[in-house]
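Participant: Next come a sequence and a model predicted from it.
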Amino acid sequence: MNSLRSALKIIIGFCLTLCVSYPVTSKTDDFSAFEGAWVKPGVSCAEIFTWGKQGTSFRKPLRLDVPALIVTRKSITTAKALCRIRSTSPSQDGRMFSLTCSTPLNFSPMKEVLSIAADGALLRHSGSNDRIGTRFERCRP
């Protein structure tokens, strides 16, 4: 009986250690975590976006030199392209977005992997080997 209690204490201690030491990251299955306006760190949100009754939009004239994006349930918009979200699915690095994108010169399907960092930043992964991602900070009105 004492050996059983000792074994249980060891197992419970091991489980608690594992739970405490395991890194906590935001759940990327929750799509709402991706929604919003995002901009590269160090750039003022007010320079890039405007907020109104219709929602968030890019400020005119467009700043094509600043990486920024707006994510909604139906689309991912940059200053250069409008991408309709066809589907999403979990991926190794976050969430895979299957998109149909249009620019003034092009119309094409593409895939993007986005994830949410533990501190709430959006990470845009450029490929399957990109574990770090390009960082974007959330903008609020």
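Facilitator: Okay, I see it.
Participant: Apart from its chain neighbours, what residue comes closest to residue 49?
Facilitator: residue 37 (4.9 Å; CB to CB, 6 or more residues apart in numbering). Where C-beta positions appear, they are placed from N, C-alpha and C, glycine not excepted.
Participant: Need the pLDDT of the one you found.
Facilitator: According to the prediction, residue 37 has pLDDT 97.
Participant: Look up which residues are beta-bridged to it.
Facilitator: In this entry, residue 37 is beta-bridged to residue 70, residue 139, by DSSP bridges.
Participant: For it, give me its contacts.
Facilitator: Applying CB atoms under 8 Å, 6 or more residues apart in numbering to residue 37 gives the contacts 45, 48-49, 56, 68-70, 138-139.
Participant: how about a cut-off of 10 Å?
Facilitator: 45, 48-51, 55-58, 68-71, 77, 136-141 (CB atoms under 10 Å, 6 or more residues apart in numbering).
Participant: Now do it against residue 93, distance only.
Facilitator: Per CB to CB, to the nearest Å, residue 37 is found 22 Å from residue 93.
Participant: now residue 106
Facilitator: Plainly put, residue 106 is 26 Å away from residue 93 if you go by CB to CB.
Participant: When those two are compared, which one has more neighbours?
Facilitator: Neighbours per residue (other CB atoms under 10 Å) separate residue 106 from residue 93, with residue 93 holding more: 19 against 8.
Participant: And the more buried one, its phi and psi?
Facilitator: For residue 93, the backbone dihedrals (degrees, to the nearest 10) come out as phi -100, psi 0.
Participant: Hmm, it is touching residue 116, no?
Facilitator: No - at 11.1 Å, residue 93 does not count as touching residue 116 under the criterion of CB atoms under 10 Å.
Participant: Just the buried subset of the contacts of residue 37, please.
Facilitator: Neighbour counting with 16 or more other CB atoms under 10 Å marks 45, 48-49, 56, 58, 68-71, 77, 136-139 as buried within the contacts of residue 37.
Participant: what's around residue 39, how many residues?
Facilitator: By the criterion of other CB under 10 Å, residue 39 has 22 neighbours.
Participant: so what pLDDT did the residue lying closest to it once chain neighbours are set aside get?
Facilitator: Nearest in space to residue 39, with sequence neighbours left out and distances taken as CB to CB, 6+ apart, is residue 68 at 4.4 Å. On the pLDDT scale, residue 68 is placed at 96.
Participant: Appreciated, that's everything.
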